[in-house]
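> Just to be clear, the model below is a prediction. Sequence and coordinates:
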Amino acid sequence: MNRRFFISGLSAALVLPALPAFAITEAGAKKLVDSLVNDINKVIAAGKSESAMFRDFERIFKRYSDTSYIAAYAMGVDGRRATASQKRAFSSAFQSYIGRKYGSRFREFIGGRLEVRSVKKVKNWYEVSTTAYLRNEAPFDVTFQVSDRAGKDLFFNMYIEGVNLLLTERSEIGALIDRNGGSIDGMIADLKKAG
Amino acid sequence: MARFFAASRRISALLLIFAVAACSTVDGDGMTADGIYDPFETQNRRVHEFNRNVDQALLRPTAVGYSSVIPDDIEDRIVNFSRNLQSPSIVVNSLLQGDVPGAGLGVVRFAVNSVLGLAGLFDAATDFGIPQHETDFGETLHVWGVGEGAYIELPLLGPSNQRDTTGLLVDFFTNPLSYVGLDGPASYVSLGAGVARGMSSRGRYVDSVDGVLYGSADSYSQARLIATQNRRFELGQEDASAEIDPFALDTEGF
């Protein structure tokens, strides 16, 4: 009985993730980004110390983004030769790195704010456009792409004025691997210090 | 960081001739993995190294000092003044692109800011809800169907490409202000304000620019990718991520 229970559980686990593939809605995507923008604005407004801010952004990144997708995309074809433990170590180092790096970008938004502007469907995901308002600057675009690939609504890519997080980070991780003569472990060690 | 490049692109065009003359040999087919045509990579990397050294020794320390010594309010006045001087050129380029509403915006902004904004020190037009509108001859060439050509990193001015470098030269030598007597000493005022504006950007976005120039594994290719994506976005071009599909990647183990 135990074994049957295990097998039916296993098959459910295999089938279920395929089911909600189109469950994402415009309202769901907007809700995610509303809440994300609200959290980012709170961190910007709180004006804590740099390190406290980076921790806040890392937490926001973990909560709202499809971290495994972003990490896998950033590693690109090198991901195919990575071992399971390298993938885990990379994912964890990458999350902190993104928290530090984009934390320092959003820190420059101090005194400014993000506002959700519009939502549109693109293939099987949604694109949520927001506008950043900064002191004495023309307002500019920050766009989030949201999917429910991982079973819930999460953003898997972000654009700041057309600059794409996925492409930019894949190029950076590729350069780190090159700098380490192709060593994934070397790249992970460098990533822990980068950002 | 992209905003820094956008601002610095427009500071001045004094050293462009060197850059264009320097780009004469081609290595390989020149296409990068990121979809950027960069046949002059070897020379570009040398210029990048030069720019990084100038930034480290001169631009960054000056800009950070400037930005911390000069009150934000005064900095904003100087940025506005410099922006206002660009308005006539924006009007001309809008017309060349057949963008009549854009040209209208430029005219109204220039009139409002020159008079009510005290020679452009204050952005009164934005306070009245007239949106900012920017364009340049590089965009005009784009509208006319000219492709970006090869990627070029310009000395002091940073990332550009063949089309936008041509645009910079044309904008520099055809500034409408010079035809109404605003040349001679006045053009130095304009150049000075442009340099100050570039310093404000460098000082204000110090973390972002430092992140690209000194924090990344290959600052040359990061700057190239970021600047190119940003420029293509400004021009309303389809970006290279159109083929990204969140459901078509093996994320097992990440």
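Looks like it came in fine.
> which SS class is A:Gly111?
At A:Gly111 the chain is in coil, as set by DSSP: H, G, I helix; E, B strand; the rest coil.
> shouldn't it be in contact with A:Asn136?
No: A:Gly111 is beyond contact range of A:Asn136, at 10.1 Å (criterion: Cβ atoms under 8 Å). Quick note: C-beta positions are derived from backbone N, CA and C, even for glycine.
> Between these two, which is the more surrounded one?
Under the neighbour definition other Cβ atoms under 10 Å in any protein chain shown, A:Gly111 and A:Asn136 were set side by side, and A:Asn136 has more, 16 against 12.
> Quick check, that one in contact with B:Phe122.
No: counting by Cβ under 8 Å, B:Phe122 is not a contact partner of A:Asn136; they are 10.5 Å apart.
> for chain B, what are the low-confidence residue spans?
B:1-28, B:178-186, B:239-243 (pLDDT under 70).
> Which single residue of the stretch 101-250 of chain B ends up nearest chain A?
Nearest residue of the stretch 101-250 of chain B to chain A, counting by Cβ to the nearest Cβ: B:Phe233, 2.1 Å away.
> what's near enough to touch that residue?
Applying Cβ atoms under 8 Å, 6 or more residues apart in numbering or on different chains to B:Phe233 gives the contacts A:141, A:159, A:161-163, B:239.
> ok so, going back, tell me, what's touching A:Asn136 and B:Phe122 both at once?
Shared contacts of A:Asn136 and B:Phe122, defined by Cβ under 8 Å, 6+ apart, comprise B:Asn80.
> quick revisit: which of the contacts of B:Phe233 are buried?
Burial by neighbour count, 16 or more other Cβ atoms under 10 Å in any protein chain shown: within these this picks out A:159, A:161-163, B:239.
> Tabulate the residues you listed (CSV), appending secondary structure.
Shown next, in CSV, are the buried ones among the contacts of B:Phe233 (three-state DSSP):
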residue, secondary structure
A:Tyr159, strand
A:Glu161, coil
A:Gly162, coil
A:Val163, strand
B:Asp239, coil
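> List the buried residues for the lengthiest helix in chain A?
Secondary structure of chain A read by DSSP state H shows that its longest helix is helix A:84-107. Going by neighbour count (16+ other Cβ under 10 Å), the buried part of helix A:84-107 is A:86-87, A:89-91, A:93-104, A:106-107.
> Show me what it is packed against.
helix A:26-46, helix A:50-64, helix A:67-75, helix A:165-179, helix A:184-193, helix B:206-213 (3 or more Cβ pairs under 8 Å, 6 or more residues apart in numbering or on different chains; DSSP states H and E).
> Against which helices or strands is the next helix or strand after that helix packed?
Next helix or strand after helix A:84-107 toward the C-terminus (DSSP states H and E): strand A:113-122. Judged by 3+ Cβ pairs under 8 Å, 6+ apart, strand A:113-122 is in contact with helix A:26-46, strand A:125-133.
> show me where pLDDT drops low in chain A?
Along chain A, the model assigns pLDDT under 70 to residues A:1-23.
> Now with 90, please.
A:1-28, A:37, A:40-41, A:43-55, A:99-114, A:122-124, A:134-140, A:149-152, A:193-195 (pLDDT under 90).
> tell me, what residue is most central in it?
The residue lying closest to the centre of chain A (Cα atoms, centre = their mean) is A:Ser65, at 3.9 Å.
> if I look at it, how far off is chain B?
Distance of A:Ser65 to chain B, computed by Cβ to the nearest Cβ, to the nearest Å: 11 Å.
> which residues touch that residue?
By Cβ under 8 Å, 6+ apart, A:Ser65 lies in contact with A:154-156.
> May I see those residues organised as a markdown table, with distance to chain B and secondary structure added?
Shown next, in a markdown table, are the contacts of A:Ser65 (distance: Cβ to the nearest Cβ, whole Å; DSSP: H, G, I helix; E, B strand; the rest coil):
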| residue | distance to chain B | secondary structure |
| --- | --- | --- |
| A:Leu154 | 9 | strand |
| A:Phe155 | 10 | strand |
| A:Phe156 | 5 | strand |
